[in-house]
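# Structure of the sequence below:
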Amino acid sequence: MRLVEIVRYPVKSLQGEELSNAEIEVDGLHGDRRWGIRDETTGRVLTARRAPQLLFASATLAEDGAPTIALPTGVSCHGPGAATDAALSDWLGKPVRLVRSVGVPGARAEFFADATDDTSEAIEWTMPAGRFVDALPLLVLTTASLRAAAAHYPDGDWQRRRFRPNLLIDVADHGWVEDGWCGHATLRVGAVLLAPQQPCVRCTMVTRPQPDVADDRDIFRTLARHHGGNFGAWTTVSSAGTVNVGDEVSEEPISP
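Numbering: from 1, shown residues only. Okay, the predicted model is just below:
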């Protein structure tokens, strides 16, 4: 097994940036999902579940720790402040603010009860404090799972970008490999030790259009039909450090 991609998403639900190496901290990848766009009317942090246009903007992390955001309109803005908030509000058509996740309680957001129907009930949930992540610090996905899903729906576009993992691991095995890791094994990547905890339950996000990625509700339907809607693994960090694309990944069973 080998680490083949590292992706950081500085701003919740925006396109991220591929990295050749990254620091894995005890609570996740350095700079990942430390920022979000908050709806000033509702107080909720926006995600592409309810605001799919977010996936057409991108963010990179600058040296000062703040994101530089590129909007599909051609406008670019950097860091928090009135100018950024005005640009984001103009683009989204409502008052919003770029906010940081550090030092604040878990943020509120919404998802649809039916991942294939945007008219279904909107359900609120609260993200963990510290980062705008859905559940746990890191999302890990394998090429084995991508192949398994594609075998059930060959006409679907199963590229990694739909599923927004932090780490993509190339695995020669077949099937839903991550399932066997959750609660049963740790992964050593260089000096970093990761502990997959639970399958990632997918939602309407995986159906959303992105640049060069088409809207496809059958992506979710395939996962729901063949794998309980799960894809990838939410993972905690047992030992922090640096990881590099190309690092060997080894599986270490957890002793009973």
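
# any idea what residue 85 is structurally, helix, strand or coil?
Secondary structure, DSSP: H, G, I helix; E, B strand; the rest coil: residue 85 is helix.

# Quick check: it vs residue 79, distance?
Taking Cβ to Cβ, to the nearest Å as the criterion, residue 85 is separated from residue 79 by 11 Å. For the C-beta atoms, the positions are set from N, CA and C on the backbone; glycine is no exception.

# Could you name every residue contacting both of these two?
residue 98 (Cβ atoms under 8 Å, 6 or more residues apart in numbering).

# Which of these two has more residues huddled nearby?
Using other Cβ atoms under 10 Å, the more surrounded residue of residue 85 and residue 79 is residue 85, with 19 against 16.

# Need the nearest residue in space to that one, chain neighbours excluded.
Spatial nearest neighbour of residue 85, excluding adjacent residues (Cβ to Cβ, 6 or more residues apart in numbering): residue 97 at 4.9 Å.

# so that neighbour sits right up against residue 40, yeah?
Yes - with contacts counted by Cβ atoms under 8 Å, residue 97 reaches residue 40, the gap being 5.7 Å.

# show me where the chain has helices.
Counting by DSSP state H, the chain forms helices over residues 82-92, 143-152, 177-181, 217-227, given from the N-terminal end onward.

# Just say which of these is most tucked in.
Scoring the helices of the chain by mean neighbour count under mean count of other Cβ atoms under 10 Å gives helix 177-181 as the most buried, with a mean of 20.

# Quick one: mean pLDDT over it.
The average pLDDT within helix 177-181 is 96.

# ditto for stretch 77-87
97.

# how long is it from one end to the other?
The separation between the terminal residues of stretch 77-87, taken as Cα to Cα, to the nearest Å, is 7 Å.

# neighbours of residue 207, just the number please.
For residue 207, using other Cβ under 10 Å, the count is 20.

# Sorry, slip of the keys, the one I care about is residue 99.
The tally of other residues near residue 99 (other Cβ under 10 Å) stands at 17.

# Pull the residues that contact stretch 13-20.
Counting by Cβ under 8 Å, 6+ apart, 5-10, 36-37, 46-48, 51, 54-61, 69, 161, 164, 205, 210-211, 244-245 sit against stretch 13-20.

# Alpha carbons of it, as CSV, please.
Taking Å, rounded to 0.1, in the frame of the first residue of the first chain, the C-alpha atoms of stretch 13-20 are listed here in CSV:
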residue,chain,number,x,y,z
SER,A,13,-16.8,22.8,1.0
LEU,A,14,-14.6,24.7,-1.4
GLN,A,15,-12.1,23.0,-3.7
GLY,A,16,-8.8,22.3,-2.0
GLU,A,17,-5.2,21.9,-2.9
GLU,A,18,-3.1,18.8,-3.6
LEU,A,19,0.1,18.7,-1.6
SER,A,20,3.3,16.7,-2.0
